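# Quick one, fold the following:
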Amino acid sequence: METNELKSIAKKIKLRKIKVEDYDQIIAIQLKCFPGMKPWTLEQFKSLIAIFQEGQFCIQYGKK
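Prediction:
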């Protein structure tokens, strides 16, 4: 991979705190990674964010 390609990809990657609006995408990942596990409910997800405000991160690539 060329240096310019890596720079282009790096510009699209962002580390940020999760938000309630991320719920659907996070659940989709949960279902793929842990197919036998029941995913979080919206209430559980909101509680997770409220309790661990400084400790819940995601990697965003582009708009996903």
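
# tell me which element the residue sitting nearest the centre point of the chain is part of?
Nearest to the mean C-alpha position of the chain, by CA atoms, centre = their mean, lies Cys58 at 3.7 Å. Per DSSP states H and E, Cys58 falls inside strand 57-61.

# Just to check, Lys17 is in contact with Ile59?
No. With contacts counted by CB atoms under 8 Å, Lys17 stays clear of Ile59, the gap being 11.6 Å. Every C-beta, even on glycine, is put in place using the N, C-alpha and C of the backbone.

# Among the two, which residue is more densely surrounded?
Neighbours were counted for Lys17 and for Ile59 using other CB atoms under 10 Å; Lys17 has more, 13 against 9.

# so what's the backbone phi/psi at that one?
Reported as degrees, to the nearest 10, the phi and psi values for Lys17 are phi -70, psi 150.

# Looking at strand pairing, list the partners for it.
Lys17 has the following beta-bridge partners by DSSP bridges: Phe57.

# mind starting the numbering at 51 from now?
All right, first residue 51 from here; so that's Lys67.

# In contact with it, which residues?
By CB atoms under 8 Å, 6 or more residues apart in numbering, the residues touching Lys67 are 103-104, 106-108.

# Just the closest of those to Lys82, please.
Set against Lys82, the nearest of these by CB to CB is Cys108 (14.9 Å).

# Now for the closest residue to the closest one other than its chain neighbours, how many residues are close by?
Leaving out its chain neighbours, the residue that sits closest to Cys108 by CB to CB, 6 or more residues apart in numbering is Ile68, at 5.0 Å. For Ile68, the neighbour count with other CB under 10 Å is 18.

# I'm done for today, thanks for sticking with me.
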